[in-house]
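quick one, what's the 3D model for this:
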Amino acid sequence: MNDRSDAPRGLWGRWRSMLLWKQIFLALAAGVVIGVVLNQTGNEAAAEAIKPIGTIFVNAIKMLIVPLIFVSLVVGMTSMHDMSKMGRIGLKTVALYLMTTAVAITIGLVLGAVIQPGAGIDMSAAAAMEAKDAPSLVDTIVGLVPTNPVSASAEGNVLQIIVFAILFGIAINMAGEKGRIVRDFFDSLSEVIYKLTSIIIGFAPYGVFALMVWVAGTYGLELLLPLGAVIFAVYLGCVIHALVVYGGMIRLGGGLNPVRFFQGVLEPQMVAFTSTSSSGTLPVTMTAVQRNLGASKGVSSFVLPLGATINMDGTALYQGVCALFVAQAFNVDLAMGDYVTIVLTATLASIGTAGVPGAGLIMLSLVLTSVGLPLEGVAIIAGIDRILDMARTALNVTGDAAVTVLVAKSEGELDQAAYDTPHVLDSASLKEMRG
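Okay, here's the model as predicted:
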């Protein structure tokens, strides 16, 4: 009797103690298997019956978009405490981060268009969409500034929310001491929002399971083939961005040896790849940039924490690939205005992306919403998100280090001798940096 009663608790305990990405992956696999069985046995109605559980999860993600973006952006802007002292460095840093982010999502869109990971399948029946006229470039730029921020929040106009949040954060900084109460309030509010986000993300396995049972039960095995193409496109894009964009910036912009740069940044890359957290890798990145690449403590202490908040090149690239995958899978034709909107949304939203595992799915839902693509595509990506997250986090950290080196070089705060000295990677030094 005792053994029989203890077994369920034991299984449930092992499930609850399992890492979230493993839960999501197992839920995806189980959902696919059950869905395929239902599809092959002609029980598509049973697959449809479980879909509402996944719909609730998608609605919960939608609920997070406005508060998460607004609060995160305000906190990201107010993290630059003394703008008068760090104005020049801050301007260089933000400009480089946003420029590389825009390039990253462009690479993602190009790879998505060339590789076409969602081609060959048709999920257009999965979500009813109304035809909409693509806004012109001028209308898109003019529409960035909201006439009523409350109305923009109620309507879910994410671009206007982002612009207002950035301006609001700058105003808090300019208010000085009188703005400290507001700054402290948003710091506390951000922790509450992040906790709410983690709670909702904790239900991801169940939402993913329900949606994958429905997807596989309705469409069968043909949906699974493009997922390998998505992984290939994201990893290829990350390699291209690191070697061409960052390597080119180091060589052309700083006159430095890019090989030495990649040698010096290998340690934080390894930690980022395994931990999938830009923020969690920050101590390792800071030590490597100062010790291996010769950046001053003053520059790296400002540029790197800011980068952990606003530099999400890997996430932006991933969003470009995944947005094209969802558009192709749901048979939605994107106009040039939609591509511009995706680039602008992902670039600006990268400022508010928390450097923690799982944040990419939230930002992907933001990008899909900005051009009216169905959020059901998020559940498909969620099952392989951990694999994608490893590459994009490593790219994020590499970008943080590259921008720090360039800013330090331009400010005359780069120790050239330390940069040119090869650093030998060993387990002892890596353990020391993690410590």
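
all helices of the stretch 1-150 of the chain, in order?
In the stretch 1-150 of the chain, the helices defined using DSSP state H, counting those that start in this stretch lie at 2-17, 20-40, 44-78, 83-115, 137-142, 149-155.

to residue 204, which of those lies closest?
Residue 204 lies closest to helix 20-40 among the helices of the stretch 1-150 of the chain, at 5.4 Å (CB to CB). C-beta coordinates here come from the backbone N, C-alpha and C atoms, glycine included.

which parts of the closest one are buried?
Buried residues in helix 20-40, defined by neighbour count with 16 or more other CB atoms under 10 Å: 21, 23-28, 31-32, 34-36, 38-39.

report the rounded mean pLDDT for stretch 53-70.
Averaged across stretch 53-70, the pLDDT comes to 80.

so how far is it from its chain's centroid?
Distance of stretch 53-70 from its chain centroid, counting by CA atoms, centre = their mean, to the nearest Å, is 16 Å.

check stretch 14-32 too.
Worked out by CA atoms, centre = their mean, stretch 14-32 lies 21 Å from the chain centre.

hmm, back to that, out of the helices of the stretch 1-150 of the chain, nearest to residue 422?
Of all the helices of the stretch 1-150 of the chain, helix 83-115 sits nearest to residue 422, with 25.9 Å by CB to CB.

how about the closest one: buried residues?
Neighbour-count burial for helix 83-115 flags 86, 89-90, 92-94, 96-98, 100-112, 115 (criterion: 16+ other CB under 10 Å).

do stretch 316-332 as well
Buried positions in stretch 316-332, judged by neighbour count with 16+ other CB under 10 Å: 316-330, 332.

one more: stretch 252-260?
Here stretch 252-260 shows 254, 256, 258, 260 as buried, counting by 16+ other CB under 10 Å.

ok, stretch 330-350 next?
Within stretch 330-350, the residues scored as buried using 16+ other CB under 10 Å are 330, 332, 334, 337-350.

same check, this time on stretch 184-199
Quick answer for stretch 184-199 (16+ other CB under 10 Å): 186, 190, 193, 194, 197.

now the last one: how far from residue 191?
Between residue 197 and residue 191 the distance, using CB to CB, to the nearest Å, works out to 11 Å.

which residues do the two both contact?
Contact criterion CB atoms under 8 Å, 6 or more residues apart in numbering; residues shared by residue 197 and residue 191: none found.

now, which of the buried residues of stretch 316-332 lie within helices?
In this view, the buried residues of stretch 316-332 that belong to helices under DSSP state H are 316-329.

would CSV of the residues you listed with pLDDT and distance to residue 233 be doable?
Listed next are those as CSV, based on pLDDT from 0 to 100; distance: CB to CB, whole Å:
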residue, pLDDT, distance to residue 233
316, 85, 14
317, 91, 9
318, 88, 9
319, 86, 12
320, 88, 9
321, 90, 5
322, 88, 9
323, 87, 12
324, 89, 9
325, 88, 8
326, 86, 13
327, 87, 14
328, 86, 12
329, 82, 14
